[in-house]
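*Asks:* have a look at this prediction, sequence included:
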Amino acid sequence: MAKFLMGIDNGATVSKAALFTLDGKEVGVASEKTEMLTPRPGFIERDMAAMWKATADSIKKVIAQAKVDPGDICCAACTGHGNGLYLVDSDGAPVRNAIISTDSRARGYIDKWVADGIDKKVRPKTMQSIWPAQPNALLAWLDDNEPETMKKAGWVLMAKDYTRFRLTGNIQAELTDFSGTSLMNLETCDYDDELLADFGIADMRRLLPPIIQTADIAGVVTSQAAAATGLKAGTPVAGGMFDIDACGLASGVVNEAQLCMIAGTWGNNQYISKTPVVDEDVFMTSCYSIPGYYLMLEGSATSGSNLEWFVTQFFDADKQLAESQGRSVFDVVNEAVAATRPEESKIVFLPFLFGSNANPDAKASFIGINAWHNRGHVLRSIFEGVVFGHKAHVERLLKFRDMPDVIRLTGGASRSTEWVRIFADILQVPFEIPDGTELGALGAAIAAGVACGCFNGYNEAIEKMVSFSRLQEPNAAMKSVYEEKYDRYKKVISALDPIWKDIS
């Protein structure tokens, strides 16, 4: 009798469910979107009930699509975007819309904490930067601006913790997700009253749930959840993990030699070590799903979503034509980029539509467009600018480790042969692409398999479930070309630095 593992992935706007065999074969994927709500500039929210419905519908669809007996699903686990804030009452009912991890309403609190030196004071405990969409800042903002909401609040959850609650009825905080929130002391892997007091949110300690780990059995599917999802009541549900950990597991990251990148909404660049890095040059150190390891991450919202925005705004006719031909609009994009050469255009694109890793006020920009340029040149500059953003983060990580022999790439960019080639040529290191389309869900399924005893630990699970589809070697002839382009990219950022506040 075939056995299956389910991974559930809650992104900022899309909920996915995927089923895998015990050897990692993807047998079905389903997804549903939820609307992103922007009630005011800088406010980015979602309806939690709508997210649960989208998740439940995705689970039901993938079970039907794969024609799997729900009783053959050994275990399920959830992953999802980190940070933001999913606030519920003592019974688990939402007290307001969820706040997403790209929200900026609480930036004033971050500015004040930095001015007061709180960021430096807490870093030895949190081991990470502070930023507006972390729950510490959002809780402070809500306490000042929505006191009635805070009177109703019973628990702080992350995205996947809320989904797990809807599946099992149990309120818990999972370690990897909460270790990235600046609410925990990573030396003790527990909450810290002094740390909360430093942020002025000591009274929020009452809202922090009991902590579980990635491969703990968090509960079982309730009869109510079974009716909504099509899962069998009593199916075990594992703790799950932060999406950066899920992509690490799905990339086969099990030791300190490896480095992986995620080129999606955020451009994440990460490796693991048994020794944490506590340094302002590393954006975030958090706890990894494999016990005993920390995950060091350099990242920002400067990656593939820049291309998605550009294509959405300017390629509608191409999209319609491509779909009528049974193709994707991104096939058109890749062909346009492939028709250009890296040395023939000097356009610089700054990939700062949704955030910046250079200056918090920086904006996306095209510099150097001439009348002879075509859209292939413009698209190539987007591809290159995104990779330059990743390169800036990798350079920070290389202060603490050596360049790996190979980098493993996941996210939307990994599906583009041209983009992967540009990654390899700019970084001058081979890039390996994990097999499969839903790497976040695969990482969750790996943890589910460990949790329910299908595998004797993470190493065996990854050996059985992770494979790689291709390897892209770098072209040494492109090294000097891209060094010149990267130098120009940095010069443009420096030159524009004085004007960002004028156009904020």
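*Replies:* Yep, it's here.

*Asks:* which residues touch stretch 370-381?
*Replies:* With contact meaning C-beta atoms under 8 Å, 6 or more residues apart in numbering, stretch 370-381 is reached by 307, 310, 333, 336-337, 339-340, 342, 344-345, 347-349, 366, 369. Just so you know, the C-beta spots here come from the backbone N, C-alpha and C atoms, and that holds for glycine as well.

*Asks:* and that stretch, what's buried?
*Replies:* For stretch 370-381, a neighbour-count test (16 or more other C-beta atoms under 10 Å) marks His373, Arg375, Gly376, His377, Val378, Leu379, Arg380, Ser381 as buried.

*Asks:* what is the mean pLDDT for it?
*Replies:* Averaged across stretch 370-381, pLDDT comes to 97.

*Asks:* ditto for stretch 236-247
*Replies:* 97.

*Asks:* list the buried residues for that stretch?
*Replies:* Applying a neighbour-count criterion of 16+ other C-beta under 10 Å, one finds Pro236, Val237, Ala238, Gly239, Gly240, Met241, Phe242, Asp243, Ile244, Asp245, Ala246, Cys247 buried in stretch 236-247.

*Asks:* next one: stretch 95-108
*Replies:* Using 16+ other C-beta under 10 Å as the burial criterion, the residues of stretch 95-108 that qualify are 95-107.

*Asks:* using JSON lines, lay out those residues together with secondary structure and pLDDT.
*Replies:* As requested, those are arranged in JSON lines below (DSSP: H, G, I helix; E, B strand; the rest coil; pLDDT from 0 to 100):
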{"residue": "Val95", "secondary structure": "coil", "pLDDT": "98"}
{"residue": "Arg96", "secondary structure": "coil", "pLDDT": "98"}
{"residue": "Asn97", "secondary structure": "coil", "pLDDT": "98"}
{"residue": "Ala98", "secondary structure": "strand", "pLDDT": "98"}
{"residue": "Ile99", "secondary structure": "strand", "pLDDT": "98"}
{"residue": "Ile100", "secondary structure": "coil", "pLDDT": "94"}
{"residue": "Ser101", "secondary structure": "coil", "pLDDT": "90"}
{"residue": "Thr102", "secondary structure": "coil", "pLDDT": "84"}
{"residue": "Asp103", "secondary structure": "coil", "pLDDT": "92"}
{"residue": "Ser104", "secondary structure": "coil", "pLDDT": "92"}
{"residue": "Arg105", "secondary structure": "coil", "pLDDT": "96"}
{"residue": "Ala106", "secondary structure": "coil", "pLDDT": "97"}
{"residue": "Arg107", "secondary structure": "helix", "pLDDT": "94"}
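
*Asks:* relative to Cys287, which of the residues you listed is nearest.
*Replies:* Lowest distance from Cys287 to the buried residues of stretch 95-108 (C-beta to C-beta) belongs to Ser101, with 18.0 Å.

*Asks:* list the buried residues of stretch 477-491.
*Replies:* In terms of neighbour count (16+ other C-beta under 10 Å), stretch 477-491 has its buried residues at Met478, Tyr482, Lys485, Tyr486, Arg488, Tyr489.

*Asks:* and those, which is closest to Asp203?
*Replies:* Proximity to Asp203 was ranked across those by C-beta to C-beta; first place goes to Tyr489, at 45.6 Å.

*Asks:* check contacts around the spatially closest residue to the closest one that is not a sequence neighbour.
*Replies:* Leaving out its chain neighbours, the residue that sits closest to Tyr489 by C-beta to C-beta, 6 or more residues apart in numbering is Phe388, at 4.7 Å. Under the criterion of C-beta under 8 Å, 6+ apart, the contact partners of Phe388 comprise Pro351, Ile426, Lys485, Tyr486, Tyr489.

*Asks:* any idea how far Phe388 is from Glu395?
*Replies:* 11 Å (C-beta to C-beta, to the nearest Å).

*Asks:* picking up where we left off before, give me the buried subset of the contacts of stretch 370-381.
*Replies:* Burial by neighbour count, 16+ other C-beta under 10 Å: within these this picks out Leu307, Phe310, Val333, Ala336, Val337, Thr340, Pro342, Ser345, Ile347, Val348, Phe349.

*Asks:* tell me which element Val237 is part of?
*Replies:* Under the criterion of DSSP states H and E, Val237 resides in strand 236-238.

*Asks:* now swap in Asp111 and tell me
*Replies:* Assigned by DSSP H and E, Asp111 belongs to helix 107-115.

*Asks:* for this structure, which residues score under the pLDDT cut-off?
*Replies:* Applying pLDDT under 70 to the predicted model, the residue ranges of the chain that meet it are 1.

*Asks:* could you rerun that using 80?
*Replies:* Within the chain, the set of residues satisfying pLDDT under 80 comprises 1-2, 265, 504.

*Asks:* next structured bit after the longest helix along the chain?
*Replies:* What stands out as the longest helix in the chain, according to DSSP state H, is helix 375-397. Stepping forward along the backbone from helix 375-397, the first helix or strand reached (DSSP H and E) is strand 407-410.
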